[in-house]
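Asks: what follows is a predicted structure for the sequence shown.
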Amino acid sequence: MKKNKLVVLVGLAVASFLLLTGFRHAGGPHHGAFLDKKIERALDEIEATEEQRAQILAIKERVVASMQARKGERQAMKQEMLSIWTEENPDPAKVHAKVDERLDARRAAAHEMADAMIEVHRILTPEQRAELAQLIEKRHEKRGKRHGYVKEGAPAQE
């Protein structure tokens with residue numbers, strides 16, 4: 001049971017790492033530099049080797065490129081939904097089909113993120129994963145306090 005909890009914790013830690021370091025969106029003219037700084041800072045804190053850095057940054061580049069490619073699909077979907085909205089009698093089946101299409105795209109993106117998380121997990125040592133988990137926990141708590149989700153002195157809970 002303890003091993004399962006550890007696996008789940010580590011998995012959540014790596015997923016949080018990916019999300020906190022900016023994998024969650026890839027947009028804006030300066031986003032790439034900001035994302036790189038966040039990742040570099042996290043890699044510095046866990047004392048990642050040059051080889052680990054190169055592998056993780058390659059994963060980041062691949063995921064960001066994929067997200068950028070899907071950006072056009074999302075914009076097209078919005079236009080299609082707006083077009084349906086302006087119809088005299090929108091076809092419910094058409095609307096539901098578009099919703100399902102969008103959910104399938106999000107599911108595929110989530111699976112891609114999960115695969116990237118697993119890759120990063122395999123690259124890091126157990127000690128680095130533990131350090132990263134602590135780092136992520138601190139950032140979650142800080143973020144929660146900043147947004148009013150966590151009271152001062154109280155542990156972050158989700």
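Replies: Looks like it came in fine.
Asks: just the buried residues of the helix or strand Ala105 falls within, please?
Replies: Taking DSSP states H and E as the definition, Ala105 sits inside helix 92-123. Using 16 or more other Cβ atoms under 10 Å as the test for burial, helix 92-123 gives 102, 112-113, 116-117, 119-121, 123. C-beta here means a position set from N, CA and C on the backbone, and glycine is covered the same way.
Asks: can you put those in TSV and add distance to Thr86 and pLDDT?
Replies: As requested, these are exported to TSV (distance: Cβ to Cβ, whole Å; pLDDT from 0 to 100):
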residue	distance to Thr86	pLDDT
Arg102	19	89
Glu112	33	94
Met113	34	92
Ala116	38	94
Met117	40	91
Glu119	43	95
Val120	44	94
His121	46	94
Ile123	49	96
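Asks: buried residues in whichever helix in the chain runs longest?
Replies: Longest helix in the chain, counting residues (DSSP state H): helix 50-85. Neighbour counts over helix 50-85 (16+ other Cβ under 10 Å) mark 52, 55-56, 59-60, 63-64, 67, 70, 77, 81 as buried.
Asks: and that helix, how far out from the chain middle?
Replies: Relative to the chain's own centre, helix 50-85 is displaced by 11 Å; criterion: Cα atoms, centre = their mean, to the nearest Å.
Asks: same question, stretch 119-136
Replies: Worked out by Cα atoms, centre = their mean, stretch 119-136 lies 16 Å from the chain centre.
Asks: output it as CSV, nothing but the C-alphas.
Replies: Written as CSV, here are the backbone C-alpha positions of stretch 119-136 (Å, rounded to 0.1, in the frame of the first residue of the first chain):
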residue,chain,number,x,y,z
GLU,A,119,9.4,10.2,-19.4
VAL,A,120,10.6,12.9,-17.0
HIS,A,121,9.9,10.5,-14.1
ARG,A,122,12.2,7.9,-15.7
ILE,A,123,15.0,10.5,-16.3
LEU,A,124,15.1,11.7,-12.7
THR,A,125,16.6,9.8,-9.8
PRO,A,126,14.4,8.9,-6.8
GLU,A,127,16.2,11.6,-4.8
GLN,A,128,15.5,14.2,-7.4
ARG,A,129,11.8,13.1,-7.7
ALA,A,130,11.5,13.5,-3.9
GLU,A,131,13.1,16.9,-4.0
LEU,A,132,10.8,17.9,-6.9
ALA,A,133,7.8,16.7,-4.9
GLN,A,134,8.8,19.0,-2.0
LEU,A,135,9.4,21.9,-4.4
ILE,A,136,6.0,21.4,-6.0
